[in-house]
Structure formats: C-alpha cells, structure tokens
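Trainee: just a sequence and a predicted model for now, questions to come.
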Amino acid sequence: FINKNKGNPFFLYVAFNIPHYPEQADAKFDARYKDLPEPRRSYAKMISTTDDRMGQILNQLENHGLSKDTIILFMSDNGHSPENYQVKPQNHSSGLPQGTVYAAGGGGNTGKWKGHKNTFFEGGIRVPAIISGPDRLPQGAVRHHAITAMDWMPTLLELCDVPLPNTQLDGKSLVASIHKEPTEPLHNVMHWAWRRAWAVREGDWKLIGSEKEATFLVHLSGDLPEQKNHLNEKPEMVARMKALHKSWLKEVTPK
C-alpha cells in the first residue's frame, strides 16, 4: 500500500490482530524471553512480534523518505486480557492440536491500576497513546489529561488541513493540547457503555454500573486507586453521576 501511494497523500489504518489469541509469536523471540515465567513469556513474545510488524511499516516510510512528513498514531483499544482458552475441536483454524492451552491468564500488567479488558476500571480503558509528526509536533513531550479515541478524528483532520464534517462530533481536537499541556480538562465528563455495563467519569470520580444499577464509585487518586468502593458513603455523588449517565444515554440512543 505504501509503495503504491508513496507519491500521494494517504491514510493507512492498521488494526493488528496478532496480539490476540491464539498466541503465535515469531520464533526469533523465543530466546529473548526464555527465562520469563508463563503467561508473561508468551505475552511478551506476542508484543515483540507486533512491534516487529509496526517496525516494517516505519522502515518502509523511512525507505521512501516519508518519515518526517507522516503523522503516525499508535493506540491500543483496551487493556490486557486475563482470558483462558484451550483448543477444543479437532482441526482448529489456528493449526494447534486439540487440547492445547493457548491463553493462560493473560500476561499483561496495569501497574497500580485495577481491572483489565472487558472492565471499566482503569486497567481496562487506560491505554497507551502516542502521536508522532517530526515536522509539526513536539518530540518527547508527555501530556497527562484524559482523552478518548474519538478525539483523534478531529485532531488528524486539523493537522491535515481537512475541514470537519458538517455534523456533531463527540471528539475534540487535541492539537492545542499536543503543543502545550492544557490548564483545563479537555472533557469535563466522559462516558463509556458496552453490552450491559457503563461508566461515567467527572474529574477524578468515576461511577461504574450495570444496566440501571450503579455498582462501583471510585476515585482516581493515590497509590491504590479504584480499590475502595465509595458507593454507600457518597449517595449524592452517585445520584449526580447516574443523572449524567441517564442524560447522555438519552442523547445517544437512536430515536
């Protein structure tokens, strides 16, 4: 794709499936992680395999002299997975024999944050995000405010001088924030919903719920955030945040 479009502006979206199970890492990474215990060893090999594929794209940009004129965005979609899977049928599409355990409880690490994939704790939704554009963006800078994946569309359009579509967008451009740490949060309130679960965040408070019930009220501060459930001791905060969620749900539900 890059070879074919190197002479014209292009947009390349690459959603890597290879970090997912079944873990089929490149054998060249076996020795690097041979002393790690499972499941960390298997997971680390998969991450290095993914890094290798991203490196192929970056090298191709470099080979064509496009590195300095290309905006590169890297982001994960969710936190690590603690899943356990075993090959049950014969002739599995992975090629692995029946009975093979190909996911042994994950291998990721969220540091001080609680949770993982499929949860609305920070371990499930706080993910890496890196943007690079050597000719137009600061290098080596870190920003500490919360953003969402929806912010990247208006950000990239602004960086590429493309007009925004004539419709309401949930995301906000990050261009100003990329150049300078903002003094105010980009989003006063943030919302999530998936299957029957939902969450709403205002400042450092986050309420997590299922269907119509609130289940966890957490504060994102301290050395062990999200460990304590403030649900019963903060009824007014719970009511306020449930109202925020209800209003948002009404706004985004198709009529």
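Mentor: Structure received.

Trainee: do a quick rundown of the strands in the protein.
Mentor: Counting by DSSP state E, the chain has strands at residues 72-75, 84-86, 101-104, 129-132, 189-194, 197-202, 205-210, 213-219.

Trainee: for the ones you listed, which one sits closest to residue 144?
Mentor: strand 129-132 (11.8 Å; CB to CB). Backbone N, C-alpha and C define where each C-beta goes, glycine included.

Trainee: which elements pack onto that closest one?
Mentor: For strand 129-132, the elements it packs on are strand 72-75, judged by 3 or more CB pairs under 8 Å, 6 or more residues apart in numbering; DSSP states H and E.

Trainee: mean confidence for the strand it packs on?
Mentor: With pLDDT averaged residue by residue, strand 72-75 scores 96.

Trainee: tell me which residues of it come out buried.
Mentor: Of the residues in strand 72-75, those buried by neighbour count under the rule 16 or more other CB atoms under 10 Å are residue 72.

Trainee: now stretch 11-23
Mentor: For stretch 11-23, a neighbour-count test (16+ other CB under 10 Å) marks 19, 21, 22, 23 as buried.

Trainee: how about stretch 38-50?
Mentor: Residues of stretch 38-50 classed as buried by neighbour count (16+ other CB under 10 Å): 39, 40, 41, 42, 43, 44, 45, 46, 47, 49.

Trainee: from the residues you listed, which shows the smallest pLDDT?
Mentor: residue 39 (80).

Trainee: residue 76 versus the closest residue to residue 174 other than its chain neighbours, what's the distance?
Mentor: Nearest in space to residue 174, with sequence neighbours left out and distances taken as CB to CB, 6 or more residues apart in numbering, is residue 155 at 4.4 Å. For residue 155, the distance to residue 76 equals 17 Å [CB to CB, to the nearest Å].

Trainee: most distant residue from the middle of the protein?
Mentor: residue 90 (33.9 Å; CA atoms, centre = their mean).

Trainee: touching, it and residue 98? I think so.
Mentor: Yes - under the contact definition of CB atoms under 8 Å, residue 90 touches residue 98, with a separation of 5.0 Å.

Trainee: wait, doesn't the residue nearest to residue 174 sit right on residue 169?
Mentor: No - under the contact definition of CB under 8 Å, residue 155 does not touch residue 169, with a separation of 10.9 Å.

Trainee: of the two, which one has the most company?
Mentor: Neighbour comparison, residue 155 and residue 169: the larger count goes to residue 155, with 22 against 13 (by other CB atoms under 10 Å).

Trainee: buried set for stretch 51-68?
Mentor: Under 16+ other CB under 10 Å, the buried positions of stretch 51-68 are 61, 67.

Trainee: any chance you could list what contacts it?
Mentor: 2-3, 6, 12, 14, 16, 18, 26, 70, 72, 74, 134-135 (CB atoms under 8 Å, 6 or more residues apart in numbering).

Trainee: if you set the cut-off to 7 Å instead, what comes out?
Mentor: Where contact means CB atoms under 7 Å, 6 or more residues apart in numbering, the residues beyond stretch 51-68 that reach it are 2, 6, 14, 16, 18, 26, 70, 134, 135.

Trainee: so which of the residues you listed is the closest to residue 85?
Mentor: Using CB to CB, residue 18 comes nearest to residue 85 of the contacts of stretch 51-68, at 15.5 Å.

Trainee: mind listing what that closest one touches?
Mentor: Remark: with contacts taken as CB under 7 Å, 6+ apart, residue 18 is in contact with 46, 49, 50, 53.

Trainee: now for those residues: which two are most distant?
Mentor: Of all pairs drawn from the contacts of residue 18, the one with the longest distance (CB to CB) is 46 and 53, at 11.0 Å.
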